[in-house]
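# Next input, structure requested:
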Amino acid sequence: MYNLSKNQKKQYLDELIDFLKLPSISADPEFKNSVIDTAQWLAKSVSKAGCENVEIIKTKGHPIVYGEKIIDIKLPTILIYGHYDVQPPDPINLWDSPPFEPIIKKTKTHPEGAIYARGACDDKGQTFMHVKALELMISKNELPCNIKLMIEGEEEVGSNNLESFVIENKEKLKSDVILISDTGILSNNKPSITTGLRGLSYMEVKLVGPNRDLHSGLYGGTVANPINILCEMISSLKDENNKVTIPGFYEDVLDVNIDERKEMQKIPFDIDKFKKSLNINLTSGEKGFTTPERKSIRPTLDVNGIWGGYIGEGAKTVIPSEANAKISMRLVPNQNWKKISKLFIKHFKKIAPKSVQVKIKTHHGGQAYLTPTDSIAYKAAHMAYEKSFGKAPYSVRDGGSIPIVPMFEEILGCKTVLMGFGLDSDAIHSPNEHFGLFNFFKGIETIPYFHKNFVKLIKQNKV
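Numbering: from 1, shown residues only. The predicted model follows:
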C-alpha cells in the first residue's frame, strides 16, 4: 500500500502550494516570465523526484519540461503528459481569495479540505501527483518500468507548438502507453475512468457595421446595429429542439447505439443534485437525450463570450461600429474539427445581411477520442482504482476536450489512458477553482498501482 505519512503529506502539500503560487497564465503575454519561472520550478521538482536528463525545451511559445527515468530499456515505458499553464483567473472579483495565494478550506464535498487556487485541479495539482508518485516509487526502489515526463506550458491556449515538438522528438518520446491526469471521477466514493473525449472547434467572429460608433438618437433606425444582428445570427444557429442548424454539422456524427446508451444509464447521476450544484431550476439541451448524454456523446455549440459597444458604468447611447463573439463547438467521434470549422465559416457568412461585414478567425481545435476498454492499459488503470478506492471504477465518457490525445496516437502510435482525480464541482476554468486533498493524495496512491499493473499484465500477455 502507498499510504503517505503525515510528514510526507505536509511536504507534498507545501510543495504544491509553492507550485500554485506561480501565475503561469499562458494566454497573457504579461505573464511570459512567470510561465518561464514555473517551468524552471517544475524542472527542479522533476529532478528532485529522481528523473534524469531533465530539460526545459524552448518552443516558439512557452517551454516544455521533459525528464525521464530509464531503469532498463527492456522494460515497458510509460509517457506521462501534463501541463503547467493555467487559465486566466478573471473575473477576479468573484474569487473568495486571491487566485495565486493558495488556501485550504474544508467543505461539505471536501471534509478533509481542498486547496483553492487557479490551476489547483487543472492541471498543476493533477500533474504534480505524477511527480510525487514517481518520487515515492524511486525512494522505495519500487519503480517497475521506465518513465518519461512531458509537461507543456501551452495547453490552455491550444498546444500550438506541441505537435511539431512531438514530430521532431518521436524517438525521445517513444513509449508503450501515454498516461494523462487531466480529467476527473464521478465522486470520491464513485471512482471512474474517462474513456471518451469530445473534439473541439473554437471560433471568433466579428461583425463590422458603420465606420464609427454612432449617436443612437441621430442614427437609430437608419443603420444596422451589429450587436442586434450578431444576436439574431447566433440565435439562428440552434432550432427549437436545440439542434445545431449549420448544414452538414451532423453528417459524420457517430451515433451511440441503444445498448451503449442503456449502459450509460447505469452510471450514477442525480439530476436534482446537478441542478442544485449550479443553482439552476431547469436543464437545457438537445431534445431526445438525457443530461449525461448531452454532455458527453452529443455535439454542441455555445457562445463563450460576446462584446461590443459601451459596457462601462452608467449610460452611453451609441450604435456600435462592431460586435464580437467567441463560439465553441464540442464534437463527437467521426466529426472532423477542421471540416466543422469550414462549415461554420461558410454558414455564418451566408446568413449575414449585407449591412455588415463578417470577419471570422479559427482559434484552435482537435478531434474527439475514444479509449479502448479492452487494452492492457485500461485494465491496469481499472485494477489500480479498484485497489486504492476499494471498488471497481465506472467507465465514463467526458464532455471535455484534450486535442493532443488523438494527435499523440497519430504521431507516436500508442494509446492513451486517462486517469483523472478531480470532481465536476472543482470549478476548473472558473473563480474559486479547487482540488480536494483527498483527491490529490489518492492520485499519488493510485498511480504507482497503475505502473505495477501495466508491467505485470504485459508480462502475462507475453507468456
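# Tell me how many other residues surround residue 328.
20 (other Cβ atoms under 10 Å). Backbone N, C-alpha and C define where each C-beta goes, glycine included.
# tell me the mean pLDDT over the host helix or strand of it?
Assessed by DSSP states H and E, residue 328 sits inside strand 322-331. Across strand 322-331, the average pLDDT comes to 97.
# Hey, what's the angle from the helix or strand following it to strand 322-331? Just curious.
With elements assigned by DSSP H and E, the helix or strand that comes after strand 322-331 is helix 337-350. Relative orientation of helix 337-350 versus strand 322-331 (axes from the mean of the first three to the mean of the last three Cα atoms, to 10 degrees): 140 degrees.
# Just the CA atoms of helix 337-350, as PDB, please.
C-alpha atoms of helix 337-350 as PDB (Å, rounded to 0.1, in the frame of the first residue of the first chain):
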ATOM      1  CA  TRP A 337     -12.900  19.700 -36.400                       C
ATOM      2  CA  LYS A 338     -11.300  21.300 -39.500                       C
ATOM      3  CA  LYS A 339     -14.300  20.300 -41.600                       C
ATOM      4  CA  ILE A 340     -16.700  21.600 -39.000                       C
ATOM      5  CA  SER A 341     -14.800  24.900 -38.800                       C
ATOM      6  CA  LYS A 342     -15.200  25.300 -42.600                       C
ATOM      7  CA  LEU A 343     -18.900  24.500 -42.400                       C
ATOM      8  CA  PHE A 344     -19.300  27.100 -39.600                       C
ATOM      9  CA  ILE A 345     -17.500  29.800 -41.600                       C
ATOM     10  CA  LYS A 346     -19.500  29.100 -44.800                       C
ATOM     11  CA  HIS A 347     -22.800  29.200 -43.000                       C
ATOM     12  CA  PHE A 348     -22.100  32.200 -40.800                       C
ATOM     13  CA  LYS A 349     -21.100  34.300 -43.700                       C
ATOM     14  CA  LYS A 350     -24.200  33.100 -45.700                       C
END
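# after it, next one along is what?
strand 357-366.
# and that next one, how far from the chain's centre?
Taking Cα atoms, centre = their mean, to the nearest Å, the mean C-alpha location of strand 357-366 is offset from the chain mean by 20 Å.
# quick one on the thing from earlier: note down every partner strand of the strand holding residue 328 and its orientation.
Partners of strand 322-331 in the sheet, by DSSP bridges, are strand 199-208 (antiparallel), strand 300-308 (antiparallel).
# winner for burial among the ones you listed?
Neighbour counts (mean count of other Cβ atoms under 10 Å) averaged over each of the strands paired with strand 322-331 peak at strand 199-208, with a mean of 21.
# Quick one: mean pLDDT over that strand.
97.
# And the strand holding residue 328, how far out from the chain middle?
For strand 322-331, the distance to the chain centre is 18 Å (Cα atoms, centre = their mean).
# And the contacts of it?
198-209, 226-227, 229-230, 234, 237, 244, 299-309, 337, 340, 344, 363, 367-368, 399, 401 (Cβ atoms under 8 Å, 6 or more residues apart in numbering).
# now the strands paired with strand 322-331 as a markdown table including distance to residue 220?
Shown next, in a markdown table, are the strands paired with strand 322-331 (distance: least, Cβ to Cβ, whole Å):
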| stretch | distance to residue 220 |
| --- | --- |
| strand 199-208 | 18 |
| strand 300-308 | 16 |
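# Which of those sits closest to residue 438?
Shortest distance between residue 438 and the strands paired with strand 322-331, using Cβ to Cβ, is found for strand 199-208: 30.2 Å.
# Show the subsequent helix or strand relative to the closest one.
strand 214-215.
# Which elements pack onto that following strand?
strand 318-319 (3 or more Cβ pairs under 8 Å, 6 or more residues apart in numbering; DSSP states H and E).
# Can you give the strand pairings for the strand it packs on, parallel or anti for each?
When DSSP bridges is applied, strand 318-319 pairs with strand 214-215 (antiparallel).
# chain center to the partner strand, what's the gap?
With Cα atoms, centre = their mean, you get 42 Å for strand 214-215.
# Go ahead and name everything in contact with it.
By Cβ under 8 Å, 6+ apart, strand 214-215 touches 223, 317-319, 321.
# one more time with 7 Å
223, 317-319 (Cβ atoms under 7 Å, 6 or more residues apart in numbering).
# Need those in CSV (columns: neighbour count and distance to residue 61).
Shown next, in CSV, are the contacts of strand 214-215 (neighbours: other Cβ atoms under 10 Å; distance: Cβ to Cβ, whole Å):
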residue, neighbour count, distance to residue 61
223, 13, 41
317, 11, 42
318, 18, 37
319, 24, 39
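# Pull the most distant pair out of those residues.
223 and 317 (14.2 Å).
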